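K.L.:
Sequence first, predicted model second:
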Amino acid sequence: MVASSGLTAAPALAADSTTDSFVQWEDAKVLTASTTEGNPGSMYWVTNRSTGAGAYWRSGITGAGIDIALIDTGVTPVDGLTYKGKVINGPDLSFDSQSDDLRHLDAYGHGTHMAGIIAGRADGARTVAAWNDDHFLGMAPGARIVNVKVADAVGAVDVSQVIAGIDWVIQHRRDNGMNIRVITLAYGTNSIQSYEIDPLAHAVERAWESGIVVVTAAGNDGNGSALRNPASDPFVIAVGASEAAGRATVADDRVAEFSNCGTSRRYVDVVAPGKSIVSLRNPGSVADVMNPEARVDADLFLGSGTSQAAAVVSGAVALVLEQRPELTPNQVKQLLAEDTARYLYNAKSYCQGGGIINLWSARTAETPNEKASWQGYQHSNGTGAIEDARGKMHVYRSANGTGSDAKMIPLTGEVDILGNPWKGYTCKSAVTCQSLWDGGMFNGASWSGASWSGASWSGASWSGASWSGASWSGASWSSMTWSGASWSGASWSGASWSGASWSGASWSNDAWSAEAWS
């Protein structure tokens, strides 16, 4: 069978890039956030006062030509993400892929919020030069988002789906004019095995070795907690969350109390703003329905967590790579986390790594020496158990009955979500491995065939996807619960989701509950 890229018609890179040098807003509708300039969670504050992204913009660098793979809960075309060529749909590997009404779209609310922080750009934007606090822009407004959906309408996802999403990005990073240089992965499990054998850790290392910078969320279990997997892998960029003290400088910023710090053996590499960050609202999503207090206005929404911090860093990486496209992932990590990050005096060293990202310094800093930036850690061979990679994070299916009478059975053992045996990786060397999935679904590092359990990857094109604004077709929220820390105040980690259904493959009409997002 011919391998399918899973892409929905990828538009050409910024057709109007010659006029996209920097900021001018014209009379089309733009997103407006109240109290933005004085709000340390607004993207105005994050880009201009906290991270220095605006310094890149003023030199004509907005992330143009850089594609960022967002492996998450999908992306919905709300204002800020409908600018021409802003989003490309990759495969939908989630349980929602069986539904024409949900394929690629973010019924959960997490992925859309992330996409806005990374590369959001209000529809009224034409160039980027007279920007002020009334207009919404993400960290890298010239970059594109490649939407790789792995989690469903209630955030449910298995680690096997995430690995599949990473492998798809590696295989197709240059398809159809794409230039995927960054993966954003705000997902983490409490794996019970060493990263040196963990298959999820190995997957992110394969991406790293392929020239893709992998930005991961540290987790939201608290300062005394170890990093989630795959942030625990020392090769990738593990991001913790900082919070502002409310002043005009970052000198007295601190690490958020929910942010995982890690251990003496492996701790965060860098921190970025992650407390009450104002990004794009996804009306009718689980997050929006369950957390009305987080709504800023009709278009914007508050979110807190190392997820949001990882999104900030992903956008920063896109700016660096537009300026210096020759950089390797190791050099990018050296530049942002070690050479230029600003140390926070109100935080312990292992809770902040190099400190808070500092793009003012990064823009003019000397390019790190490639040999000096080399990371001499032991590589993961991926031969560990997929079950151990899950840790305590499982999805569930309903064996019989409905509602409270249903018996929920977890997906456990060495199988993927289709019930196919997981055979791990066969390795020719420490860094050259292939994952083998039975059933013809997966062959080495490339997807064979054009479908995922009978659902076309291409689905509806992004431009043709419909979003009704306040409601979703085909999804009922009455049976869905969102528990754990509040959206506006803390984290995604530790939440339990139930009530979603997936029809297709061997799990037809099974209900699942599962995983959390950082």
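P.N.:
Thanks, I have the structure now.

K.L.:
Walking through the stretch 301-450 of the chain, point out its strands one by one.
P.N.:
For the stretch 301-450 of the chain, the strands defined by DSSP state E, counting those that start in this stretch cover 396-398, 408-410, 422-427, 433-437, 442-443, 446-447.

K.L.:
and what of the stretch 51-200 of the chain?
P.N.:
Using DSSP E, counting those that start in this stretch, the strands found in the stretch 51-200 of the chain span residues 67-72, 87-92, 125-128, 144-149, 180-185.

K.L.:
now the ones you listed as JSON lines including distance to Asp252 and mean neighbour count?
P.N.:
Every C-beta, even on glycine, is put in place using the N, C-alpha and C of the backbone. Shown next, in JSON lines, are the strands of the stretch 51-200 of the chain (distance: least, CB to CB, whole Å; neighbours: other CB atoms under 10 Å):
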{"stretch": "strand 67-72", "distance to Asp252": "31", "mean neighbour count": "28"}
{"stretch": "strand 87-92", "distance to Asp252": "37", "mean neighbour count": "27"}
{"stretch": "strand 125-128", "distance to Asp252": "30", "mean neighbour count": "20"}
{"stretch": "strand 144-149", "distance to Asp252": "33", "mean neighbour count": "29"}
{"stretch": "strand 180-185", "distance to Asp252": "28", "mean neighbour count": "28"}
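
K.L.:
least reliable of those going by mean pLDDT?
P.N.:
Ranked by mean pLDDT, the strands of the stretch 51-200 of the chain end with strand 125-128 in last place, scoring a mean of 54.

K.L.:
measure Val78 to Ile88 for me?
P.N.:
16 Å (CB to CB, to the nearest Å).

K.L.:
Put together a markdown table for the strands of the stretch 51-200 of the chain, with distance to Gln323 on each row.
P.N.:
As requested, those are exported to a markdown table (distance: least, CB to CB, whole Å):
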| stretch | distance to Gln323 |
| --- | --- |
| strand 67-72 | 15 |
| strand 87-92 | 23 |
| strand 125-128 | 15 |
| strand 144-149 | 17 |
| strand 180-185 | 12 |
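
K.L.:
Retrieve the pLDDT associated with the closest residue to Gln323 other than its chain neighbours.
P.N.:
Counting by CB to CB, 6 or more residues apart in numbering, Ile61 is the residue found nearest to Gln323 once chain neighbours are left out, at 5.2 Å. pLDDT recorded at Ile61 is 95.

K.L.:
what sits against Ile61?
P.N.:
Applying CB atoms under 8 Å, 6 or more residues apart in numbering, we find Ile61 in contact with 142, 319, 322-323, 363.

K.L.:
Which member of these is positioned nearest Phe235?
P.N.:
Taking CB to CB as the measure, Phe235 lies nearest Leu319 of the contacts of Ile61, at 21.6 Å.

K.L.:
For Gly109, the count of nearby residues, please.
P.N.:
Counted with other CB atoms under 10 Å, the neighbours of Gly109 add up to 30.

K.L.:
do the same with Thr76
P.N.:
Neighbours of Thr76 using other CB under 10 Å come to 27.

K.L.:
Quick check: beta-bridge partners of Gly262?
P.N.:
Gly262 has the following beta-bridge partners by DSSP bridges: Tyr267.

K.L.:
what's the neighbour count on it?
P.N.:
With neighbours defined by other CB under 10 Å, the count for Gly262 comes to 25.

K.L.:
wait, Ser59 sits on Arg363?
P.N.:
Yes - under the criterion of CB atoms under 8 Å, Ser59 makes contact with Arg363 at 6.8 Å.

K.L.:
Comparing these two, which shows the higher neighbour count?
P.N.:
Arg363 (19 against 14).

K.L.:
dump the residue contacts of the more buried one.
P.N.:
Shown in contact with Arg363 (CB under 8 Å, 6+ apart): 52, 55-56, 59, 61, 323.

K.L.:
now with 6 Å?
P.N.:
Residues near Arg363 by CB atoms under 6 Å, 6 or more residues apart in numbering: 55-56.

K.L.:
just Asp67 next, same as before
P.N.:
144, 146, 178-180.

K.L.:
try Lys333
P.N.:
Ile237.

K.L.:
Distance of it relative to Thr216?
P.N.:
12 Å.

K.L.:
which stretches of this structure form helices?
P.N.:
For the chain, applying DSSP state H gives helices covering 43-45, 53-58, 110-119, 159-172, 199-209, 286-290, 306-323, 329-333, 349-352, 359-364, 386-390.

K.L.:
how far out from the middle of the chain is the first one?
P.N.:
For helix 43-45, the separation from the chain centroid amounts to 20 Å (computed by CA atoms, centre = their mean, to the nearest Å).

K.L.:
now for that helix, which elements pack on it?
P.N.:
Helix 43-45 sits against no helix or strand, with contacts defined as 3 or more CB pairs under 6 Å, 6 or more residues apart in numbering; DSSP states H and E.

K.L.:
hmm, 8 Å instead?
P.N.:
Helix 43-45 sits against strand 277-280, with contacts defined as 3 or more CB pairs under 8 Å, 6 or more residues apart in numbering; DSSP states H and E.

K.L.:
same check, this time on the second one
P.N.:
For helix 53-58, the helices and strands in contact under the criterion 3+ CB pairs under 8 Å, 6+ apart are helix 306-323, helix 359-364.
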